[in-house]
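Asks: Give me the fold of what follows.
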Amino acid sequence: MTRRPIVIIEAPTNLGLMPPAPGQEPGTRHAPDVLRELGLHDQLNVREVVRVEPGPYSKDEGRSINIRNVEAIAEHALRLSDAIETAIMAGGLPLVLGGDCSLLIGSMLCMRRLGEPALLFIDGHSDFFLPEQSSTGGAAGMDLALATGWGPPELTDLEARRPYVPAGHVAALGNRDFNRRREADIPDIADAGFYYRSLVDMRHEGIERATGKAVAAITSNSRRCWIHLDVDAIDSALMPAVDSPQADGFSWTEIEKLLRAAQPYDAAGMQVTIYDPERDPGHTAGKALVDLLVSVLG
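Replies: The predicted structure follows:
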């Protein structure tokens, strides 16, 4: 792997989540600061640290579209896209530290600006839903749909670039949430044209082999790949600090094997989302996350 210097882009957004309790903001906004305090920045080959602050959070109960903070998410996506583009054009490896999964809009907008992209989407949930199917109104639970052109143009068609990445260029790995949603005019993720492997499928095939085949499938014709890691892909016994915990996810060993097989230094960049320090007393899960990223990227 060519070891490009890392550009950490701190994106402490919580705009894509519902309030965890009345009068309380989601705690993902604290993730970049806590990861820095836990030593992540000091242990990586970091050339530069850039911060892209979101606009003010609102629970947005009067929304006309069932997505909270649409305008603020769109505005933040444009600025995040600019920051990622600057890092890539300067020869760096952007590592975006979220923040919630609505960051995928800005990341893939940037990738679309630069050519024909691919996306390695690692998540414990499919995140492939329309607003009318959401019980939370959170863009963080619809990010894969939005990035692939499903949903309102306010988020799917920034700069008239819809879709930011077509389904055929996406590998969706690790889903273990098969709860049914209300019916809507959108296919099931397994039938939507993605290279799709559930967590069960990956374990059956072998984590490294499944990942290698997925990356090869979506990066043909020299497409550059963006890696999205939602830490709720990890077992909730190990990573409880997420908004939608689920048991029986990846172990730390499995997720490290996956990321190594994904070859992040050969990717255009990577983002890490949904870690919520307020749900992590003593920051035990945060320390393990730092160890993972240092092991893979250090």
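Asks: Surely residue 195 and residue 167 touch.
Replies: No. Between residue 195 and residue 167 there is no contact, the gap being 9.1 Å when judged by Cβ atoms under 8 Å. The C-beta positions use only the backbone N, C-alpha and C, and glycine is treated the same way.
Asks: neighbours of the closest residue to residue 208 other than its chain neighbours, just the number please.
Replies: By the measure of Cβ to Cβ, 6 or more residues apart in numbering, the closest residue to residue 208 outside its immediate chain neighbours is residue 261, 4.4 Å from it. Neighbour count for residue 261, taken as other Cβ atoms under 10 Å: 17.
Asks: where's residue 261 relative to residue 120, distance?
Replies: In this view, residue 261 and residue 120 are 10 Å apart by Cβ to Cβ, to the nearest Å.
Asks: who touches residue 295 in this structure?
Replies: residue 256 (Cβ atoms under 8 Å, 6 or more residues apart in numbering).
Asks: quick one: what helix or strand has it in it?
Replies: Following DSSP states H and E, the helix or strand that holds residue 295 is helix 284-297.
Asks: Run the chain-centre distance for that helix.
Replies: Relative to the mean C-alpha coordinate of its chain, helix 284-297 is positioned 16 Å out (Cα atoms, centre = their mean, to the nearest Å).
Asks: do stretch 5-14 as well
Replies: With Cα atoms, centre = their mean as the basis, the mean position of stretch 5-14 lies at 12 Å from the chain mean.
Asks: tell me how far the ends of that stretch are from each other?
Replies: As for stretch 5-14, its first-to-last residue distance stands at 28 Å under the measure Cα to Cα, to the nearest Å.
Asks: now do stretch 270-285
Replies: The distance separating the two terminal residues of stretch 270-285, taken as Cα to Cα, comes to 20 Å.
Asks: that older thread, tell me the contacts of the residue nearest to residue 208?
Replies: Under the criterion of Cβ under 8 Å, 6+ apart, the neighbours of residue 261 are 207-208, 211-212, 215.
Asks: Okay, residue 188 and residue 39: tell me how far apart.
Replies: When distance is defined by Cβ to Cβ, residue 188 is 41 Å away from residue 39.
Asks: Could you do residue 16 as well?
Replies: Per Cβ to Cβ, residue 16 is found 27 Å from residue 39.
Asks: which one of those two has more residues nearby?
Replies: Relative neighbour count places residue 16 above the other of residue 16 and residue 39, with 36 against 13, counting by other Cβ under 10 Å.
Asks: Mind putting the contacts of residue 261 into a markdown table with distance to residue 222 and secondary structure?
Replies: As requested, the contacts of residue 261 are exported to a markdown table (distance: Cβ to Cβ, whole Å; DSSP: H, G, I helix; E, B strand; the rest coil):
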| residue | distance to residue 222 | secondary structure |
| --- | --- | --- |
| 207 | 26 | helix |
| 208 | 23 | helix |
| 211 | 19 | helix |
| 212 | 17 | helix |
| 215 | 13 | helix |
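Asks: Narrow the residues you listed to those that are buried.
Replies: For these, a neighbour count by 16 or more other Cβ atoms under 10 Å gives the buried set as 207, 211, 215.
Asks: so can I have JSON lines of those showing pLDDT and distance to residue 282?
Replies: JSON lines is the format used below for these (pLDDT from 0 to 100; distance: Cβ to Cβ, whole Å):
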{"residue": "207", "pLDDT": "98", "distance to residue 282": "29"}
{"residue": "211", "pLDDT": "98", "distance to residue 282": "31"}
{"residue": "215", "pLDDT": "98", "distance to residue 282": "35"}
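Asks: from those, which is closest to residue 283?
Replies: Closest approach between those and residue 283, by Cβ to Cβ: residue 207, at 26.6 Å.
Asks: Nearest to residue 81, out of the contacts of residue 261: which one, please.
Replies: Out of these, the one with the shortest distance to residue 81 is residue 215. That distance is 23.1 Å, counting by Cβ to Cβ.
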